[in-house]
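> Structural data only, the sequence is not supplied:
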RNA sequence: UCCUCAAUAGCUCAGUCGGUAGAGCAUUCGGCUGUUAACCGAAGUGUCGUAGGUUCGAGUCCUACUUGGGGAG
């Protein structure tokens, strides 16, 4: 199970790989499409995801636990069957909610007490609870339960936090091994990815990376970035930390990011990404193109008969004009959101395909430079 | 014909005891990084129906007129 990742080729630090799972093989570098509650927000179906070339979907442990419930989903045969999606699913552990719901939680050695954002009731989640929920969901990849300290956190806060997250990782590993051995487990070959933390302190990050690498998990993530630090700080952390994660295991940069972030991170040895940007920005009318971002709500698109991006093969661009999509947004029509989300997801998945091709052909650096230059043109 | 109510931002309307105006929506423009987000933020816009009067000072009080709503005949 631990040899499920194949590193196919390196081009500088950029890596081409293949991740083999019980739900099929995916090509890296890849982007995971974020469907927190088991759905991509913006009325995007799993059929849509297949049509736009999505390889893997991401859902959230905490959100599915508090609404509808992981035990019910287990009775349905797991999240794959529940949402009718047979490709890989990665579930985030609920660790990010320790950060994003900070005002409603209390952290202890055993785990974290949350207040549900839905009805305010108390929920306790520790490593074991998170693994049990993810096991019930039967996702392809389960993420370790971690704490994500804010970028501006003091060293004095970060170090003990990282050490606790590390102890939680041992407990996650033991628990998932136990759960994978049970008869009624949905996915007995569920993979566990560990998470590196340490805010912007490279020495803490590196020490942590070395230690968690010894666990020989099927994959590793760099977490706690894009939470308030500058892009330069983020790139610096990746550059210094990634080399201390196992070469023959996938590296996942959690929650990142913009197309430029992804291009830079691939160049520093990252294989997997996820981000709410394409879906959230799509819902808000901000659309990605090779020439920068456009805000379809802007008045200048009111009579623009062109597609969002000339030559784009997404369902929105193949058929509709900017003027029409702007009209839909202004009118508050759901179709407007949907078309924009489809475009952005297509753009991201297609970007990853372009990246993989460039690495395959040994021209990644050049590809990255040209792409970044294009993004700067802005507003075409 | 009379009585009565209303007239303030593009729209719907607040505006205290008289001290030269403000909300929502709309418009325009931003922001969003393991989703508490079809969200959040900022900005622009006024002959306060017209003409007089009272007053140091009127969106506010008085008079007439105009337009609109309701009622009586």
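That came through fine. Since the structure is predicted, the reported quantities are computational estimates derived from the model, not experimental observations.
> Now do the same contact list for residue A:266.
A:14-15, A:29, A:355, A:359, A:364, A:368 (CB atoms under 8 Å, 6 or more residues apart in numbering). C-beta coordinates here come from the backbone N, C-alpha and C atoms, glycine included.
> SS state for the residue lying closest to residue A:76 once chain neighbours are set aside?
Leaving aside its chain neighbours, residue A:76 sits nearest to residue A:82 (4.5 Å; criterion: CB to CB, 6 or more residues apart in numbering). Using DSSP: H, G, I helix; E, B strand; the rest coil, the structure places residue A:82 in helix.
> quick one: residue A:82 and residue A:71 touch, right?
No - counting by CB atoms under 8 Å, residue A:71 is not a contact partner of residue A:82; they are 11.9 Å apart.
> More neighbours: which of those two?
residue A:82 (18 against 11; other CB atoms under 10 Å).
> what's the helix or strand for residue A:18?
Per DSSP states H and E, residue A:18 falls inside strand A:14-21.
> which is the next helix or strand following that strand?
Counting by DSSP H and E, the next helix or strand C-terminal to strand A:14-21 is strand A:24-28.
> Starting from that next one, tell me which strands it pairs with and how they run.
Note on strand A:24-28: by DSSP bridges, its sheet partners are strand A:14-21 (antiparallel).
> Contacts for the partner strand, please.
With contacts defined as CB under 8 Å, 6+ apart, strand A:14-21 is touched by A:4-10, A:25-29, A:88, A:140-141, A:189, A:191, A:219, A:250, A:266-267, A:269, A:271, A:355-356, A:359-360, A:364.
> If we use 6 Å, what do you get?
Strand A:14-21 has contacts (CB atoms under 6 Å, 6 or more residues apart in numbering) with A:4-9, A:25-28, A:88, A:140, A:250, A:266-267, A:271, A:356, A:359-360, A:364.
> ok, of those residues, which come out buried?
Among the contacts of strand A:14-21, the ones that count as buried by 16 or more other CB atoms under 10 Å are A:4-5, A:26-28, A:88, A:140, A:250, A:266-267, A:271, A:356, A:359, A:364.
> Quick check: the residue nearest the centre of chain A vs residue A:352, distance?
Residue closest to the average C-alpha location in chain A (CA atoms, centre = their mean): residue A:274, at 2.2 Å. Going from residue A:274 to residue A:352 by CB to CB, to the nearest Å gives 11 Å.
> sorry, back to before: where does the residue nearest to the centre of chain A sit, in terms of helix or strand?
Here residue A:274 is assigned to strand A:272-275, by DSSP H and E.
> ok so residue A:281 is a strand residue?
No - under three-state DSSP, residue A:281 sits outside any strand and is assigned helix.
> what's the nearest residue to it if we skip its chain neighbours?
residue A:344 (6.3 Å).
> Neighbours of the one you found, how many?
For residue A:344, using other CB under 10 Å, the count is 27.
> That one touches residue A:280, doesn't it?
No - counting by CB atoms under 6 Å, residue A:344 does not reach residue A:280; the two are 9.1 Å apart.
> Does the nearest residue to residue A:247 once chain neighbours are set aside belong to a helix, a strand or coil?
Beyond its immediate neighbours in the sequence, the residue positioned closest to residue A:247 (CB to CB, 6+ apart) is residue A:7, lying 6.8 Å away. What three-state DSSP gives for residue A:7 is strand.
> What residues of stretch A:249-258 count as buried?
A:249-258.
> out of the residues you listed, which touch RNA strand B?
Among the buried residues of stretch A:249-258, the residues lying close to RNA strand B (CB under 7 Å from any atom of the strand) are A:254-258.
> Pull the most distant pair out of those.
A:254 and A:258 (14.6 Å; CB to CB).
> residue contacts, the residue lying farthest from the centre of chain A?
Going by CA atoms, centre = their mean, the residue of chain A most distant from its centre is residue A:303, 35.8 Å out. The contact partners of residue A:303, by CB under 6 Å, 6+ apart, come to residue A:323.
> State the distance from it to residue A:324.
From residue A:303 to residue A:324 the distance is 11 Å (CB to CB).
> got any residues that touch both of the two?
Going by CB under 6 Å, 6+ apart, no residue sits against residue A:303 while also sitting against residue A:324.
> got a pLDDT number for the residue nearest to residue A:188 when sequence neighbours are not counted?
With sequence-adjacent residues excluded and distances taken as CB to CB, 6+ apart, residue A:188 is closest to residue A:180, at 5.1 Å. Looking at residue A:180, its pLDDT stands at 98.
> before we move on, what about residue A:53?
In this model, residue A:53 carries a pLDDT of 94.
> and it, what does it touch?
residue A:349.
> which regions of the stretch 51-200 of chain A sit below the pLDDT cut-off?
Regions of the stretch 51-200 of chain A meeting the criterion pLDDT under 70 are absent.
> Contact residues of it facing RNA strand B?
A:58, A:60, A:63, A:92-93, A:95-97, A:99-101, A:103-104, A:117, A:143-144, A:146, A:148, A:195, A:197.
> and those residues, which of them are in strands?
A:58, A:60, A:92, A:143, A:195 (DSSP state E).
> Identify the bridge partners of the second one.
It refers to residue A:60. Listed beta-bridge partners, residue A:60: residue A:92 (assigned using DSSP bridges).
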